[in-house]
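In: Build me a model from this:
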Amino acid sequence: MWTGLVRSMAAGDQMALHALYERTHRIVFTLIVRIVNSRETAEELTVDVFHEAWRRAATYDPAGGSVVGWIMNQARSRAIDRLRFEQRKKRVNTSPAAPPEPMPERGPDHTLDVSEQGRLLRDALAVLTPEERQAIETAYFSEMTYAEVATRLKEPLGTIKTRVRSGLGKLRQKLGGPTGEG
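Out: All right, here's what the predicted structure looks like:
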């Protein structure tokens, strides 16, 4: 199913892109907001991730990992790139810092939606083993490659990859996404 969506996207099927977005945008957004610590930036980058998935759909290789892993890696890379860009911009900018912009007013519906998303994510994370959770959090939230995660956790690279893959599969299943790859 997942691989079929990407193949359809590669053939120009916009409904396939919409279906992939509907199934994965919450977890993509959540990952990005955890990395960049900004809702506004995370919203922008989430759109960028799916635009890039649309553009690169023809290059997706199922042998390289699951569709969700492919999307999450793109999200992680975009978020890290944005952080690095912002850090460089701060170093280069020698003018006095501007006061932070106030957060836009959000209604109670928005608060409930964010609260519900948080609850769903916490419930989903509960299905992971401690080792899977540690591998995923280290890889996605510490800006590390799988090889760096393996070194930090003193585990073989293959073990880290397996833990991340199985953990993402569990998260996908718990969050209601399709379980099949093809």
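
In: Show me what the helix or strand in which Val47 is found is in contact with.
Out: Following DSSP states H and E, one finds Val47 within helix 39-56. With CB atoms under 8 Å, 6 or more residues apart in numbering as the test, helix 39-56 has contacts from 6, 9, 17, 20-21, 25, 28-29, 32-33, 36, 70-71, 74-75, 78-79, 82. For the C-beta atoms, the positions are set from N, CA and C on the backbone; glycine is no exception.

In: pLDDT on that helix, on average?
Out: Helix 39-56 carries an average pLDDT of 91.

In: Give me the buried stretch members for that helix, please.
Out: Across helix 39-56, burial judged by 16 or more other CB atoms under 10 Å covers Arg39, Thr41, Ala42, Leu45, Thr46, Asp48, Val49, Phe50, Ala53, Trp54.

In: same deal with stretch 31-39?
Out: By 16+ other CB under 10 Å, the buried positions in stretch 31-39 come out as Leu31, Ile32, Val33, Ile35, Val36, Ser38, Arg39.

In: where along the chain do the helices fall?
Out: In the chain, the segments counted as helices under DSSP state H are 2-10, 14-36, 39-56, 67-92, 108-125, 130-141, 146-153, 157-174.

In: Those helices: lowest mean pLDDT?
Out: For those, mean pLDDT drops lowest on helix 108-125, to a mean of 64.

In: neighbours around Leu168, how many?
Out: 21 (other CB atoms under 10 Å).
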